[in-house]
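In: missing the sequence, but the structure's below:
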């Protein structure tokens, strides 16, 4: 480990952002579209399970022992059924941690390709499953693919995007998730009429996003940050020039090289991220994905058909209502892409949180009134569907995309792979937990389930107000300094903590010399001695 220095407020120079040259090129747009296809895997799986469970042929083969309950809230309370849904995310949590290592060792591109390949194998297993063991095994292999893809894709997008459009391009991942969910819901709605094997067609369609990610990633270059980190600085410079559309990338490339130099001093990023200097990144990377799942969104996406049946709808109407919520999800994500780099992350977090709280409380009250009356009121059931759509919209332009964007962009390079690995792992662990217990919670709490999730959304909105810094418009390699020097809370938490890879200030003398603007030496990164040090 390198020596330590006290980070000073002058470490981040906002004027330096203006020295970043280049434009949004077709190359970076195409790259973002292909890389974001990793979200299709995650979204497809989220959207396909509830509809498949609703297929009569699937239920008869794998869950024929479960006759159900007369109570609409308890009709689907089956632990094996919940295991089918959630076991994927247990495997995903483990593979996300492995993926953080492969991202650093072999690159973001190779990790995304591995994700596509694993998802393809898992798709074959579940589509051809003849018993529960084969079905669960296939789901576990799918989980490995989803874990690799969701670990590497947000990281890849954050590093390829221009700093002023990083939010919008990173949200392409979440857009792909929502498109995957909607596509799966449409497939389920169509295959319900193909009896008794419609469910196999639904599951087999997972091969499509797997092939897109595998062959699409094969055609992409790795990120400049990853190439320099793995000892290929010239390739990194050429890639940066191509995606920025200019040869004058010296300032941004110098910042990448400096970040790599610091990261090289870190032998164990997981041990490093536990240091007090990185406490803000660790806390945010752990709590944001936990909170994202405690919004209740995946419970609704996993079991939307079952949830709508609990409100009194028939099976076909429930599947159609699920498609409607999926369409709202996609449309609202476009809103996030349009406004995230204008209004900022905190505004969307807070507005979306308030919207979700109101909708969940009202849904709980309406469900209570609907069933206490003893007669299902169609108008009230439609009102519940409308409120769930508003809830989904609030999530889709706040906690949905920002739950992936913010933890991936706040990490300095020395802890970036570890931080995104922790973020993905925690997301999957709590997705597993929610998927495994939601139907049981619904059976126990009934309408109170929505009040339960509304309470958590209130807590997480307060957390955002107090603990999440605004990150819009700041270059990714400068964000760490903004967090530790300018945030009211985190600047106090890390005050006096050593900075990895920097000699002490006494070595340099005057503090201003340490942080002088690098544009005075634009050719620094191309000098033989600097390149040699990076390699």
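Out: Happy to help now that I have it. These figures come from a predicted structure and were not determined experimentally.
In: quick one: least confident helix or strand in the protein?
Out: helix 505-508 (a mean of 35; mean pLDDT, DSSP states H and E).
In: What pLDDT is listed against the most centrally placed residue in the chain?
Out: Geometric centre of the chain, nearest residue: residue 404, 3.3 Å, by C-alpha atoms, centre = their mean. Confidence at residue 404, expressed as pLDDT, is 86.
In: Okay, and it sits in which element?
Out: helix 399-409 (DSSP states H and E).
In: What is that helix packed up against?
Out: helix 132-160, helix 166-191, helix 279-294, helix 315-343, helix 345-372, helix 413-445 (3 or more C-beta pairs under 8 Å, 6 or more residues apart in numbering; DSSP states H and E). C-beta: built from backbone N, CA, C; applies to glycine.
In: Let me know the angle separating that helix from helix 345-372.
Out: Here the directions of helix 399-409 and helix 345-372 differ by 150 degrees (axes from the mean of the first three to the mean of the last three C-alpha atoms, to 10 degrees).
In: wait, what's in contact with the residue nearest to the centre of the chain?
Out: Residue 404 makes contacts with 150, 154, 170, 173-174, 423, as judged by C-beta atoms under 8 Å, 6 or more residues apart in numbering.
In: So how do I select the buried members of these in ChimeraX?
Out: To isolate the buried members of the contacts of residue 404 in ChimeraX, using 16 or more other C-beta atoms under 10 Å:
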select :150,154,170,173,174,423
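In: The helix or strand residue 42 falls within: what's the following helix or strand?
Out: Using DSSP H and E, residue 42 maps to helix 38-54. Moving toward the C-terminus from helix 38-54, the next helix or strand (DSSP H and E) is helix 56-62.
In: ok so, going back, save the helices and strands packed on helix 399-409 as a markdown table, and put in distance to residue 114 and mean pLDDT too.
Out: Output for those, formatted as a markdown table (distance: least, C-beta to C-beta, whole Å; pLDDT from 0 to 100):
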| stretch | distance to residue 114 | mean pLDDT |
| --- | --- | --- |
| helix 132-160 | 5 | 92 |
| helix 166-191 | 17 | 90 |
| helix 279-294 | 21 | 96 |
| helix 315-343 | 26 | 90 |
| helix 345-372 | 30 | 92 |
| helix 413-445 | 14 | 87 |
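In: Residue 100 is nearest to which of the ones you listed?
Out: Residue 100 sits nearest to helix 413-445 of all these, at 2.7 Å, using C-beta to C-beta.
In: Run the angle between that closest one and helix 38-54 for me.
Out: 20 degrees.
In: Name the residues of the next helix or strand after helix 413-445 that are buried.
Out: Helices and strands here follow DSSP H and E; after helix 413-445, the next one along the chain is helix 448-467. Using 16+ other C-beta under 10 Å as the test for burial, helix 448-467 gives 449-451, 453-454, 456-458, 460-461, 463-464, 467.
In: show me the contacts for the spatially closest residue to residue 415 that is not a sequence neighbour.
Out: Of all residues not flanking residue 415 in the chain, residue 273 sits nearest, at 4.4 Å (C-beta to C-beta, 6 or more residues apart in numbering). Contact analysis of residue 273 by C-beta under 8 Å, 6+ apart lists 281-282, 285, 415, 418-419, 422.
In: 7 Å instead?
Out: Counting by C-beta atoms under 7 Å, 6 or more residues apart in numbering, residue 273 makes contact with 281-282, 415, 418-419.
In: okay, those residues in a markdown table with distance to residue 30 and neighbour count next?
Out: Formatted as a markdown table, the contacts of residue 273 follow (distance: C-beta to C-beta, whole Å; neighbours: other C-beta atoms under 10 Å):
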| residue | distance to residue 30 | neighbour count |
| --- | --- | --- |
| 281 | 30 | 26 |
| 282 | 34 | 19 |
| 415 | 29 | 29 |
| 418 | 29 | 27 |
| 419 | 27 | 27 |
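In: which one of the residues you listed sits closest to residue 348?
Out: For the contacts of residue 273, the nearest to residue 348 is residue 281 (20.3 Å; C-beta to C-beta).
In: could you measure that closest one against residue 480, distance?
Out: For residue 281, the distance to residue 480 equals 8 Å [C-beta to C-beta, to the nearest Å].
In: cool, residue 108 as well?
Out: 20 Å.
In: ditto for residue 248
Out: Taking C-beta to C-beta, one finds residue 248 at 25 Å from residue 480.
In: Name the residue in these two with the higher neighbour count.
Out: residue 480 (28 against 13; other C-beta atoms under 10 Å).
In: what packs against the helix or strand containing the more buried one?
Out: Using DSSP H and E, residue 480 sits within helix 479-486. On a contact count with 3 or more C-beta pairs under 7 Å, 6 or more residues apart in numbering; DSSP states H and E, helix 479-486 meets helix 490-493.
In: who touches the helix it packs on?
Out: Here helix 490-493 has contacts from 279-280, 483-485, using C-beta under 7 Å, 6+ apart.
In: closest to residue 52 among those?
Out: Looking across those and measuring by C-beta to C-beta, the closest to residue 52 is residue 280, at 40.7 Å.
In: neighbours around the closest one, how many?
Out: Quick note: residue 280 (other C-beta under 10 Å) scores 22 neighbours.
In: Now residue 196. Nearest residue, chain neighbours left out?
Out: Residue 196 sits nearest to residue 57 (C-beta to C-beta, 6+ apart), 3.3 Å away.
In: Please tell me how far that neighbour sits from residue 440.
Out: In terms of C-beta to C-beta, residue 57 sits 25 Å off from residue 440.
In: before we move on, back to that, which one of the contacts of residue 273 is nearest residue 24?
Out: Among those, and counting by C-beta to C-beta, the member closest to residue 24 is residue 419, at 26.2 Å.
In: State whether that closest one and residue 285 are indeed in contact, as I suppose.
Out: Yes: with contact defined as C-beta atoms under 7 Å, residue 419 reaches residue 285; the gap is 4.8 Å.
In: Which neighbours do these two have in common?
Out: Common neighbours of residue 419 and residue 285 (C-beta under 7 Å, 6+ apart) are residue 407.
In: Please name the residues that touch residue 245.
Out: So residue 245 contacts 22-23, 25 (C-beta under 7 Å, 6+ apart).
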